[in-house]
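Colleague: Sequence below, structure please.
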Amino acid sequence: MKTLPYAICLWGMLLTVRPVPAAEVTARLVQSDKGKEHMPPAVLWLKPLQGKADFPPSSNFTLLQKNKMFHPHLLVVPVGSTVSFPNADPFFHNVFSMFDGRRFDLGLYEAGSTRTVSFTREGISYIFCNIHPDMSAVVLSLVTPYYAIADSSNAFHIADVPDGDYELHTWVEGRRGEKPPRRVRISQGSTNLGDIETGQREEPQDHLNKFGKPYDASHSSY
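Modeller: Numbers count the residues shown, from 1 in each chain. Model prediction:
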């Protein structure tokens, strides 16, 4: 049988295949301005410096509008993904973003209807309603699956990160200036990236509507 040596060789190759070494990456969010108890939402992500990470886009993301709030407030999606914005309130909403990752204006739409947005570029999108000034959300569109949102104990955990060199990025809501990315080495086993400081808190300011003007107080009660 002429195919037998080839089959034996192929079987031998399969037996020698070993998984790519991977690590569990951890870090902790700490306050830069002492005395502040509330920790803001934060995301940490790692971008490979060699090659590309497999992070396929999806259409299974939703930012629900209910009780004049977006749910969830923070959403991380792969670049190229589509996010649905259903209106579950008994009145109109007008969702828009004029920032970074994806600029859009969904216009005015009624209760029970849904509109969608494709996040086609990497970045941070701050999202608001043009009618209700207290509504806000954040969408981070990333090119890497190696990310974590800070948990209730202010810790980051990223599992199964392949060994290699990465660019470390962090985003903390409402903090002054984005930290410059830094190079880190991830090695097999576990890698603790240490403390990630929140940065100094920005003074809260009322954001403007999609026309760059203050909100009409008479409309926000709807």
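Colleague: how about the spatially most central residue of the chain, secondary structure?
Modeller: Centroid check for the chain by CA atoms, centre = their mean gives V76 as the closest residue, at 2.7 Å. When classified by DSSP: H, G, I helix; E, B strand; the rest coil, V76 comes out as strand.
Colleague: One more: F211?
Modeller: From three-state DSSP, the assignment for F211 is coil.
Colleague: Quick check, pLDDT for it.
Modeller: We have a pLDDT of 90 for F211.
Colleague: what sits against it?
Modeller: Contacts for F211 (CB atoms under 8 Å, 6 or more residues apart in numbering) come out as none. Where you see a C-beta, it was placed from the backbone N, CA and C, and this is true even at glycine.
Colleague: ok, for the residue nearest to the centre of the chain, nearest residue in space, not its chain neighbours?
Modeller: Excluding its sequence neighbours, the residue lying closest to V76 (CB to CB, 6 or more residues apart in numbering) is L140, at 4.8 Å.
Colleague: The one you found sits in which helix or strand?
Modeller: Here L140, judged by DSSP states H and E, is contained in strand 136-142.
Colleague: do the same with D206
Modeller: Going by DSSP H and E, D206 is not in any helix or strand.
Colleague: and it, how many neighbours does it have?
Modeller: 8 (other CB atoms under 10 Å).
Colleague: Look at it and report its pLDDT.
Modeller: Confidence for D206, expressed as pLDDT, is 80.
Colleague: for the one 10 residues further on, same thing?
Modeller: With respect to pLDDT, D216 has a value of 83.
Colleague: hang on, the earlier thing: bridge partners for the residue nearest to V76, pull those for me.
Modeller: Using DSSP bridges, the beta-bridge partners of L140 come out as V76, I124.
Colleague: Next one, pLDDT for it please.
Modeller: Value listed for L140 in the pLDDT field: 96.
Colleague: Over to Q65?
Modeller: 97.
Colleague: And it, which helix or strand is it part of?
Modeller: Q65 belongs to strand 64-66 when assigned by DSSP H and E.
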